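[1] only geometry, no sequence info:
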């Protein structure tokens with residue numbers, strides 16, 4: 001073998017060795033989500049989470065996203081993370097409840113007064129506080145909590161609804177959520193568990209006459225076409241979370257953890273902005289054809305909040321009363337605090 005040939009062979013070997021070292025230095029975190037491109041969660045993963053992690057890590061830590069339930073659905077994503085089949089996953093805060101109660105406080109009706117309050121308090125301290133609890137309790141490190149659709153609002157085909165007594169006797173679609181069932185029942189309506197995929201037809205035919213769904217999802221499903229009366233009562237915030245399996249998180253170096261938290265923060269900020277725009281766009285379109293979009297007075301809202309007291313009582317033990325009180329106090333909700341205190345929920 002002549003020197004030229006030997007030199008070429010050495011270069012090829014060196015290149016292969018360098019390539020192997022580079023490949024070994026890269027770590028890929030598989031992510032499972034029901035989100036998809038074209039909605040806030042999917043777009044924030046694509047536009048913030050993935051590029052930020054690649055940028056801050058110099059390509060050493062990457063995310064492999066699996067959208068639209070292609071890998072798993074919310075609860076099963078968490079289970080697969082436990083099994084090491086994926087690392088990162090998203091779900092509603094309600095479905096995180098299958099692994100522990102740390103995020104249950106986000107699902108309490110009227111814990112937040114507005115989207116702005118929910119975003120601010122979650123970002124400033126509540127998400128971090130509850131995620132620390134989740135890491136010890138649930139076996140998952142919650143990286144951020146965010147909204148997917150803002151608040152649920154009432155829509156119905158029956159007629160104007162201004163106060164809870166206006167719902168008396170009306171068949172109202174509910175999910176399997178005990179909180180939603182309790183709310184609708186306490187407001188005077190007849191709770192009817194009904195499949196989401198059939199809801200448009202159910203409202204159209206009168207099998208059910210009302211629903212309590214986040215407004216952008218009402219717009220996506222075109223429910224406003226068959227249920228044109230709306231009441232902006234808020235109440236149930238559509239909380240979601242991004243987590244990583246704790247054992248896999250603990251296996252990361254301190255530097256890798258820092259990279260991941262930086263990317264998660266960028267994701268949280270991006271999804272917050274996208275979600276607010278999504279809510280606003282959905283409500284704008286609904287209001288164009290709605291027969292009524294009613295905003296209750298503060299006295300009327302007190303009546304709606306009164307219907308939530310039993311839901312808080314039923315959830316006792318899943319939330320820290322002192323933390324809940326702090327959240328409410330920061331929003332100036334003294335009246336609701338008094339209602340909860342009288343009932344023994346705080």
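    Arrived safely. Every value quoted in this text rests on a predicted model; they were computed, and no experiment measured them.

[2] where exactly do the helices run in the stretch 1-150 of the chain?
    3-25, 40-44, 50-57, 74-82, 93-96, 115-121, 127-137 (DSSP state H, counting those that start in this stretch).

[3] quick check: phi and psi on the residue nearest to residue 152 when sequence neighbours are not counted?
    Nearest residue to residue 152 in three dimensions, chain neighbours excluded: residue 236, at 4.4 Å (C-beta to C-beta, 6 or more residues apart in numbering). Bear in mind the C-beta positions are built from the backbone N, C-alpha and C, glycine included. For residue 236, the backbone dihedrals (degrees, to the nearest 10) come out as phi -90, psi 110.

[4] need the contact list for residue 236.
    107, 109, 151, 152, 179, 180, 183, 212 (C-beta atoms under 8 Å, 6 or more residues apart in numbering).

[5] flag the least confident of those.
    Least confident entry in the contacts of residue 236, by pLDDT: residue 179, with 88.

[6] what's that one sitting at in phi/psi?
    phi -60, psi -50.

[7] which residues touch it?
    With the criterion set at C-beta under 8 Å, 6+ apart, residue 179 makes contact with 107, 108, 109, 236, 311, 314, 315.

[8] repeat that for residue 162.
    Taking C-beta under 8 Å, 6+ apart, we find residue 162 in contact with 231, 294, 296, 300.

[9] quick one: it is in a strand?
    No: read with DSSP: H, G, I helix; E, B strand; the rest coil, residue 162 is coil and lies in no strand.

[10] quick one: residue 248 and residue 83 touch, right?
    No: using C-beta atoms under 8 Å, residue 248 makes no contact with residue 83, being 10.8 Å away.

[11] out of those two, which sits in the busier spot?
    residue 248 (18 against 9; other C-beta atoms under 10 Å).

[12] what about the more buried one, helix or strand, and which?
    Counting by DSSP states H and E, the element that carries residue 248 is helix 246-250.

[13] re the thing from before, which one among the contacts of residue 179 gets closest to residue 289?
    Comparing the contacts of residue 179 against residue 289 with C-beta to C-beta places residue 236 closest, at 24.3 Å.

[14] flag the shaky bits of the chain, pLDDT-wise.
    Along the chain, segments meeting pLDDT under 70 span 1-25.

[15] got the angle between the longest helix belonging to the chain and helix 127-137?
    Taking DSSP state H as the criterion, the chain has its longest helix at helix 254-289. On the basis of axes from the mean of the first three to the mean of the last three C-alpha atoms, to 10 degrees, helix 254-289 is oriented at 120 degrees to helix 127-137.

[16] how far out from the middle of the chain is helix 254-289?
    10 Å (C-alpha atoms, centre = their mean, to the nearest Å).

[17] what is it packed up against?
    Contact partners of helix 254-289 among helices and strands, from 3 or more C-beta pairs under 8 Å, 6 or more residues apart in numbering; DSSP states H and E: helix 40-44, helix 50-57, strand 61-66, helix 115-121, strand 140-156, helix 215-220, strand 237-245, strand 292-294.
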